[in-house]
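Asks: one predicted model, sequence on top.
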Amino acid sequence: MDLSKDLIQNRLMTRLLFATNNTHKINEIRLAVGHLVEVTGLKEAGINIDIAEPHNTLLANASEKSSAIFTLTAMSCFSEDTGLEVDALNGEPGVRSARYAGTGRSQEENIDKLLDGLRGKDHRAARFRTVISLIWEGKEYLFEGICEGTILRERKGASGFGYDAVFSPLGSEKSFAEMTMEEKNSVSHRRKAADKLVLFLQQQQLTT
């Protein structure tokens, strides 16, 4: 069946609960999915809960969060977990990216630890990896997005969050923190995973 993009969009308008309280992630996902999916964060839905990330893989943490929210609400929902993997640090900080400098430490302290670990190293290849866990009609589906890049020697830019100020994607001279949200979303790991989620939802709509 050959449907126009407008018709697909009109049919899709799916509402999904995003299992996060991180407004930066909510904004990036909303920009990534456009008008195809209505995304609601936990606080917007009146859900006051922080879900632990106890596992040693991004996949397991994402699955933990989506499963917890589905159990609580019985609504179609999704979650994501993202990590920065640096080759010269044997893949660190990886799944511990948000708490690399210790539980409760700031993102600036995480960056400081990262740069200290790379001091004097010329090989600075790295990647952001995002795993999305979607629970749709009671069944889990997984989507991954990867953005390859380089860790800078010092912070550049004031936008973004996390490690954005020291990560430059391949093919760009800017850090993520120097980009507009639209520029970042055109190449980001989170956008790539979100594109796969949207494609899945389009396929579900076209087969019903």
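Replies: It's in. All values reported here derive from a predicted model rather than from experimental measurement. Numbers count the residues shown, from 1 in each chain.
Asks: what helix or strand is the residue nearest to residue 200 when sequence neighbours are not counted on?
Replies: Nearest non-adjacent residue to residue 200, counting by CB to CB, 6 or more residues apart in numbering: residue 141, 6.1 Å away. (Glycine included, C-beta is placed from N, CA and C.) Using DSSP states H and E, residue 141 maps to strand 139-151.
Asks: next one: the next helix or strand after that strand to chain centre, how far?
Replies: For strand 139-151, the following helix or strand on the C-terminal side (DSSP H and E) is strand 167-169. On the basis of CA atoms, centre = their mean, to the nearest Å, strand 167-169 sits 15 Å off its chain's mean C-alpha point.
Asks: may I have the strands that pair with strand 167-169, each with its orientation?
Replies: strand 139-151 (antiparallel) (DSSP bridges).
Asks: so how far is the partner strand off the chain centroid?
Replies: With CA atoms, centre = their mean, you get 8 Å for strand 139-151.
Asks: which outside residues touch that strand?
Replies: Strand 139-151 has contacts (CB atoms under 8 Å, 6 or more residues apart in numbering) with 59, 62-63, 66-67, 86, 114-115, 118, 124-135, 166-170, 172, 187-197, 200.
Asks: touching the longest helix seen in the chain from outside, list them.
Replies: In the chain, with assignment by DSSP state H, the single longest helix is helix 189-206. For helix 189-206, the surrounding residues in contact (CB under 8 Å, 6+ apart) are 1, 3, 8, 11-12, 14, 25, 28-29, 32-33, 36-37, 78, 80, 82, 127-132, 134, 136, 141, 143-147, 185.
Asks: re the thing from before, using PDB, list the CA coordinates for the strand holding residue 141.
Replies: Extracted in PDB, the C-alpha atoms of strand 139-151 (Å, rounded to 0.1, in the frame of the first residue of the first chain):
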ATOM      1  CA  LYS A 139       5.400  -6.500  24.300                       C
ATOM      2  CA  GLU A 140       8.900  -5.100  24.400                       C
ATOM      3  CA  TYR A 141      10.800  -3.800  21.400                       C
ATOM      4  CA  LEU A 142      14.400  -2.500  21.400                       C
ATOM      5  CA  PHE A 143      16.000   0.200  19.200                       C
ATOM      6  CA  GLU A 144      19.600   1.300  19.200                       C
ATOM      7  CA  GLY A 145      21.300   4.500  17.900                       C
ATOM      8  CA  ILE A 146      25.000   5.200  17.800                       C
ATOM      9  CA  CYS A 147      26.900   8.500  17.100                       C
ATOM     10  CA  GLU A 148      30.600   8.100  16.500                       C
ATOM     11  CA  GLY A 149      32.900  11.000  17.400                       C
ATOM     12  CA  THR A 150      35.900  12.400  19.300                       C
ATOM     13  CA  ILE A 151      36.500  13.700  22.800                       C
END
